[in-house]
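Novice: Got a predicted model here, sequence first, then my questions.
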Amino acid sequence: MASTSTGKHRADVEINVLESFEIRSRRSIREAEKAKIAKSTRRARRAVARMEARALKREKALARPISSISGNRSLRSNSTFRTAITMLTASGLFATAALPAYAYDPEIAAMAKFTTTNQADIEQLEGTQNLTVAAANTIKFVRGEYASKNAESVLRQQTLNNYLAYTGPTAAEFVKNPPYSAISSDQVLQVASKYVGTPYVFGGANPRGFDCSGLILFVYAQFGVSLPHSVTAQARSGIIVSPEDAMPGDLVIYNDHGHNGIYAGNGQMYHAPQRGDYVKLSGINSLAEAGGHYFVRLGTN
């Protein structure tokens with residue numbers, strides 16, 4: 001809503017992009033065009049009628065002297081000339097009136113309800129089509145502080161809003177009352193697979209958004225294991241195992257401690273890769289740094 005402005009200063013404006021709005025069909029636009037053309041045509045006809053009336057008035061004023069001199073020959077000649085001029089003018093007026101049929105203008109757009117996002121204004125009208133906006137966001141524009149918003153930033157804000165709106169059990173709550181009594185490879189992978197497709201959120205640790213260590217923290221919390229939210233700290237929470245002894249459910253730790261995941265066997269792992277990506281099952285080396293990786297087993301203490 002716009003706040004009341006004072007003096008020469010403009011009020012700050014908050015624009016809401018609605019989740020749903022209506023666009024009238026081309027049929028409605030054509031009807032609006034026809035109505036405008038008909039109105040312009042009526043105006044043109046009235047203008048022609050006025051021109052003919054003025055011409056007739058002048059003709060009557062000149063009729064007597066012209067008749068006495070040339071037997072009405074000049075009158076007939078002048079009348080033909082005037083008729084030709086009148087017809088040319090009328091044609092120009094009709095052509096001008098027809099122009100809106102070939103291009104949309106702001107008035108027609110307004111008549112066609114292109115300039116409204118109020119569903120109640122047009123939901124009862126026939127010949128409408130629905131268009132649903134998948135992503136919506138509220139952006140506040142302040143005078144002197146405007147910054148353009150691209151689709152990526154809007155989607156990132158929406159993802160963050162969804163993350164903050166999560167009301168389900170937290171990792172800490174799972175640790176206090178874990179749904180699984182013992183750690184097993186199959187169950188760890190089963191739990192991790194449930195979160196495939198969850199968007200990456202830096203610092204995220206719930207099913208609305210995860211980062212790499214947040215995913216591991218939340219999965220293992222369901223087995224009663226309390227982990228810190230840090231790759232380095234998680235690497236120190238278990239024992240290192242050799243690649244030959246690594247089992248599904250072990251942690252994959254990159255040597256630079258920049259990333260980690262849950263080993264799924266066959267060179268694959270469940271992980272939350274990076275901003276703009278999602279939790280997925282992919283090859284360990286797909287994002288590995290040149291330094292390589294190692295394996296850590298949890299729940300051994």
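Specialist: In hand now; what should we look at?
Novice: From here on, just use CA atoms for contacts and neighbour counts.
Specialist: Fine.
Novice: Not counting residues beside it along the chain, what's closest to residue 238?
Specialist: residue 298 (4.5 Å; CA to CA, 6 or more residues apart in numbering).
Novice: wait, residue 254
Specialist: Per CA to CA, 6+ apart, closest to residue 254 is residue 293, 4.1 Å.
Novice: before we move on, back to that, and the gap between the residue nearest to residue 238 and residue 210?
Specialist: For residue 298, the distance to residue 210 (CA to CA, to the nearest Å) stands at 20 Å.
Novice: Looking at the two, which has the bigger crowd around it?
Specialist: residue 210 (29 against 19; other CA atoms under 10 Å).
Novice: so that one touches residue 197, yeah?
Specialist: No: assessed by CA atoms under 8 Å, residue 210 is found out of contact with residue 197, at 10.3 Å.
Novice: Common neighbours of the two, please.
Specialist: residue 279 (CA atoms under 8 Å, 6 or more residues apart in numbering).
Novice: before we move on, the earlier item: just to check, the residue nearest to residue 238 is in contact with residue 247?
Specialist: No: at 11.1 Å, residue 298 does not count as touching residue 247 under the criterion of CA under 8 Å.
Novice: Poorly predicted segments of the stretch 1-150 of the chain, please.
Specialist: 1-27, 63-86, 88-149 (pLDDT under 70).
Novice: Can you give me the domain assignment for this protein?
Specialist: Per automatic domain parsing, the domain ranges recorded for the chain read 13-131, 171-297.
Novice: Against which helices or strands is the longest helix along the chain packed?
Specialist: When the chain is parsed with DSSP state H, its longest helix is helix 26-70. Counting contacts by 3 or more CA pairs under 8 Å, 6 or more residues apart in numbering; DSSP states H and E, helix 26-70 is packed against helix 73-98, helix 106-111.
Novice: now do 6 Å
Specialist: helix 73-98 (3 or more CA pairs under 6 Å, 6 or more residues apart in numbering; DSSP states H and E).
Novice: quick one: pLDDT of residue 158?
Specialist: On pLDDT, residue 158 comes in at 88.
Novice: how many other residues sit next to residue 170?
Specialist: Should you count by other CA under 10 Å, residue 170 turns out to have 15 residues around it.
Novice: likewise the one 3 residues further on?
Specialist: Using other CA under 10 Å, the number of residues around residue 173 comes to 13.
Novice: got it, and the one 3 residues further on?
Specialist: Using other CA under 10 Å, the number of residues around residue 176 comes to 14.
Novice: Please apply the same query to residue 213.
Specialist: 27.
Novice: Check it and give its pLDDT.
Specialist: 97.
Novice: contacting residues around the host helix or strand of it?
Specialist: Per DSSP states H and E: residue 213 is located in helix 212-221. Residues outside helix 212-221 that contact it (CA atoms under 6 Å, 6 or more residues apart in numbering): 171, 174-175, 204-205, 227, 229-231, 260, 271-272.
Novice: All set, thanks.
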